[in-house]
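Asks: next one to model:
(one chain, ligands or ions: 1)
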Amino acid sequence: MKKLVVAIDGPAGAGKSTVAQLAAKELGYTYIDTGAMYRAVAWKVLQQGGEVTDEKILAVVPDIDVDLSYENGKTTVRVDGRDVTGEIRTPEVSHIVSQVAALGPVREKMVDLQRKMAERGGVLMDGRDIATNVLPGADVKIYLTASIAERANRRYKELREKGLAVDLADIEHDIAARDKADMEREISPLVQADDATLLDTTGMTIPEVVARIIGMCR
Ligand code: DC
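Replies: Numbering: from 1, shown residues only. The predicted structure is shown next:
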């Protein structure tokens, strides 16, 4: 069977990475989590300490080495050789990542890397601008979303399971702010591509969503 290029976009907490990872495994494809790449840049900015400014973000772009590897169904993210897979999921990183991802030079560098990773096909890539900008020629395009209450609840459970003391109202507030920032930014805003299939996962189970994605790829 032809190895496809699959693009999945959608807002924060829609469950993209969970279902995309499972679908990629079932299809025997490589999963590419582009949000993790912007988080990696945000992580490095936070390492510098102090106030986060656009200047500070732009200063880390030229030399940062972001490496994404996918093996045995697991993504590992490295920044300058250091494994930061766990550290890029903290609320501190989530809080500044939209500011980081809004800057042109950051996006140019990440999009170049993303296109190179998709060259050989057999990839399932998720993000915000995959179908509209990174891979407009993708074979399958899916826009995955869910209600904001459901998305906040999912993220809350995920972080609690990791032992983090988080507040549901704070998470909902943060997700709403990220939706706004991601949808209203000037460069490559989050928008459903004209030729993408809308998949609203509110009230759906993970296996149901995975089955729908696999169905679209076969
Ligand atoms: O999917 P996520 O929450 O890990 O993404 C982190 C941030 O990165 C999100 O707020 C928007 C940004 N992002 C982006 O601008 N473009 C992408 N292709 C993926 C993520």
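
Asks: so where does the residue most central in space within the chain fall, helix or strand?
Replies: Centre of the chain computed as the mean C-alpha position; nearest residue by CA atoms, centre = their mean is Gly35, 2.8 Å away. In the assignment (DSSP states H and E), Gly35 maps to helix 34-47.

Asks: again with Ala152
Replies: With secondary structure defined by DSSP H and E, Ala152 is part of helix 148-161.

Asks: is any part of the following helix or strand past that helix close to the ligand?
Replies: Counting by DSSP H and E, the element after helix 148-161 in chain order, helix or strand, is helix 168-184. Yes - for a cut-off given as CB under 6 Å from any ligand atom, helix 168-184 has contacts with the ligand, namely Arg178, Asp182. All C-beta atoms are positioned from the backbone trio N, CA, C, and that covers glycine.

Asks: same for the next helix or strand after helix 168-184, what does it pack against?
Replies: Going down the chain from helix 168-184, the next helix or strand is strand 197-200, by DSSP H and E. With contacts taken as 3 or more CB pairs under 8 Å, 6 or more residues apart in numbering; DSSP states H and E, strand 197-200 sits against strand 140-145, helix 206-217.

Asks: looking at the ones you listed, which is closest to the ligand?
Replies: Nearest of those to the ligand, taken as CB to the nearest ligand atom: strand 140-145 at 10.8 Å.

Asks: list the helices and strands that closest one packs on?
Replies: Using 3+ CB pairs under 8 Å, 6+ apart, the elements in contact with strand 140-145 are strand 5-9, strand 197-200, helix 206-217.

Asks: and the ones you listed, which is most packed in?
Replies: Comparing the helices and strands packed on strand 140-145 by mean neighbour count (mean count of other CB atoms under 10 Å), strand 5-9 ranks first with a mean of 26.

Asks: per-residue confidence at Met1?
Replies: Listed pLDDT for Met1 reads 69.

Asks: how about low-confidence regions in this structure?
Replies: Across the chain, the ranges flagged by pLDDT under 70 are 1.

Asks: show me what from it comes close to the ligand.
Replies: Residues of the chain lying near the ligand (CB under 6 Å from any ligand atom): 12, 34-35, 38-39, 97-98, 101, 127-130, 178, 182.

Asks: at 8 Å instead, please
Replies: Residues of the chain found near the ligand, taking CB under 8 Å from any ligand atom as the criterion, are 9, 12-13, 16-17, 33-39, 42, 94, 97-98, 100-102, 107, 110, 114, 126-130, 134, 178, 181-182, 185, 188, 190.

Asks: on that earlier part again, put together a markdown table for the helices and strands packed on strand 140-145, with distance to Asp67 on each row.
Replies: Output for the helices and strands packed on strand 140-145, formatted as a markdown table (distance: least, CB to CB, whole Å):
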| stretch | distance to Asp67 |
| --- | --- |
| strand 5-9 | 21 |
| strand 197-200 | 30 |
| helix 206-217 | 26 |
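
Asks: counting contacts, what elements does the helix holding Ala152 pack onto?
Replies: Counting by 3+ CB pairs under 8 Å, 6+ apart, helix 148-161 packs on helix 168-184.

Asks: just give the nearest non-adjacent residue to the residue nearest to the centre of the chain, would you?
Replies: Spatially, and ignoring its direct neighbours in sequence, Gly35 is nearest to Gly127 (5.9 Å; CB to CB, 6 or more residues apart in numbering).

Asks: contacting residues for that neighbour?
Replies: Ile8, Asp9, Lys16, Asp33, Thr34, Gly35, Gln114, Val134 (CB atoms under 8 Å, 6 or more residues apart in numbering).
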